[in-house]
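> missing the sequence, but the structure's below:
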């Protein structure tokens, strides 16, 4: 159920995100990158690329599907050509994929991040920028870090459009210091009178 909108600044851009109830106790402001439009993603990608340019990355990595539009734009604005993707849906070319379990805030069951072994040379020994649309609980980000480090990649920065509340800090521990974000949003809880209250910690 949609519960109005939440206004947020993402870099230099102002957006109104729909607030959607996840269950009786939690609502989220949804940022759906594939619905944001080309101009929005171009500017956001340019601004995030500038934020992480000093890290001198060799390759941009992301998690499908919502991270892909951001990875494309960040890659382009960094002057790079190729990016790599971690998948959550098994595909024919991922039969022998490197995998890592993950469970996200919007997914009811545990999934696996899958990385195509044919792309290992693109990340092994390389400086990687991990980018995603939202860093929320830190579950997907943490699983991505574990997978890339296990294969010998050096993740030097984590870039995101927005961070959501604060659970990700505890989940990522010392790696939380790698996060660079264009904006921040809370999660929401019912206030008992039909409204919602912002929660910047949960």
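Structure's in. What do you need? Here the structure is a predicted model, which is why all the values come from computation and not from measurement.
> helices along the chain, start to end?
Applying DSSP state H to the chain gives helices spanning 38-52, 68-77, 139-150, 167-172.
> please identify the buried residues of the third one?
By that I understand helix 139-150. 139-145, 147-148 (16 or more other C-beta atoms under 10 Å). (Each C-beta comes from the backbone N, C-alpha and C, glycine too.)
> output these as CSV; include the columns pLDDT and distance to residue 58.
Below are those laid out as CSV (pLDDT from 0 to 100; distance: C-beta to C-beta, whole Å):
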residue, pLDDT, distance to residue 58
139, 94, 26
140, 94, 22
141, 97, 19
142, 97, 22
143, 97, 21
144, 97, 16
145, 98, 17
147, 98, 17
148, 98, 12
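> bridging residues for residue 189?
residue 197 (DSSP bridges).
> report the contact partners of it.
25-27, 196-197, 199, 202 (C-beta atoms under 8 Å, 6 or more residues apart in numbering).
> got the residue ranges for the strands in this structure?
2-10, 13-21, 27-29, 59-63, 83-86, 98-102, 111-115, 127-135, 154-164, 179-181, 184-185, 187-190, 196-199 (DSSP state E).
> turn these into TSV, columns for distance to residue 50.
Conversion of those to TSV gives the following (distance: least, C-beta to C-beta, whole Å):
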stretch	distance to residue 50
strand 2-10	14
strand 13-21	14
strand 27-29	25
strand 59-63	14
strand 83-86	17
strand 98-102	29
strand 111-115	27
strand 127-135	12
strand 154-164	10
strand 179-181	10
strand 184-185	18
strand 187-190	28
strand 196-199	29
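> pLDDT weak spots in the protein?
1-2, 104-108 (pLDDT under 70).
> residue closest to the middle of it?
residue 132 (2.4 Å; C-alpha atoms, centre = their mean).
> I'd like to know which of the helices of the chain lies nearest to residue 118.
helix 139-150 (15.2 Å; C-beta to C-beta).
> tell me what that closest one is packed against?
strand 59-63, strand 98-102, strand 111-115, strand 127-135, strand 154-164, helix 167-172 (3 or more C-beta pairs under 8 Å, 6 or more residues apart in numbering; DSSP states H and E).
> let's go with 6 Å and repeat that
In terms of contacts (3 or more C-beta pairs under 6 Å, 6 or more residues apart in numbering; DSSP states H and E), helix 139-150 is packed against strand 98-102, strand 111-115, strand 127-135.
> what angle sits between that helix and strand 111-115?
Here helix 139-150 runs at an angle of 40 degrees relative to strand 111-115 (axes from the mean of the first three to the mean of the last three C-alpha atoms, to 10 degrees).
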